[in-house]
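Enquirer: my questions are about this predicted structure, shown below with the sequence.
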Amino acid sequence: MADYTMEDEKWASRVALIESHMTHNDVGDMAPVLKWNLKTGTEDKENRKRYWSNITNLFATVENSPIQIGKRSTLPQSVQDSLNTICVEYAAGHAVLFASHPLYGETLRARGKAGYVAYESGESYGEAMAKNLRSRLTAYYNNYTNKVDGETQWDGSISKKGVPTGITYPEVEG
């Protein structure tokens, strides 16, 4: 007989992914079906792969599906949600800065295949800056979880205004 079990940790991370998506996106008529599959899969450990298959089939034709092919983030869903909140605001702020004066369009460059090229728009500049911030905050979070001394650490928390809190910087000797 085939094995349809799934480890608790793996199931919990998938449940968190779908619940987060449902919180931030309108899933329409899929909501009751998704909730039923999540609830039943949580209770029926022996058939979790079947319930997950049901969920992936529901999202197969959805444009903004949270289920992506390829490597998944190992960060907890709450930290991923924090990063998304922060990066949306950060990108928007940088897009406004870029659009505020022609100086930015003339001087700021993205590293591309053909060398350094102008950003296509304020939005592309904002997205690039948000991507850099996401990488930096992810490194800080990993420093926190791995208890790396002497490096900046972030516990993954944000304020109600979407600002990262819980960042600790190493002491500067001087």
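Expert: Received the coordinates, thanks. Numbers count the residues shown, from 1 in each chain.

Enquirer: ok, Pro164 - contacts?
Expert: By CB atoms under 8 Å, 6 or more residues apart in numbering, the contact set of Pro164 is Ser82, Ile86, Leu137, Trp154, Ser157, Ile158. Backbone N, C-alpha and C define where each C-beta goes, glycine included.

Enquirer: which other helices and strands does the worst-scoring helix or strand of the chain on mean pLDDT contact?
Expert: Lowest by mean pLDDT, DSSP states H and E among the helices and strands of the chain is strand 109-112, with a mean of 80. Contact analysis of strand 109-112 by 3 or more CB pairs under 8 Å, 6 or more residues apart in numbering; DSSP states H and E lists strand 115-118, helix 122-145 as its packing neighbours.

Enquirer: parallel or antiparallel, list what pairs with that strand.
Expert: strand 115-118 (antiparallel) (DSSP bridges).

Enquirer: let me know the average pLDDT across the partner strand.
Expert: What strand 115-118 shows for mean pLDDT is 83.

Enquirer: got the contact list for that strand?
Expert: Gly105, Glu106, Leu108, Arg109, Ala110.

Enquirer: in ChimeraX, select just the buried ones from those residues.
Expert: Buried members of these can be picked out in ChimeraX with the line below, counting by 16 or more other CB atoms under 10 Å:
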select :108
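
Enquirer: make JSON lines out of the contacts of strand 115-118 and add distance to Glu120.
Expert: JSON lines is the format used below for those (distance: CB to CB, whole Å):
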{"residue": "Gly105", "distance to Glu120": "10"}
{"residue": "Glu106", "distance to Glu120": "14"}
{"residue": "Leu108", "distance to Glu120": "12"}
{"residue": "Arg109", "distance to Glu120": "12"}
{"residue": "Ala110", "distance to Glu120": "9"}
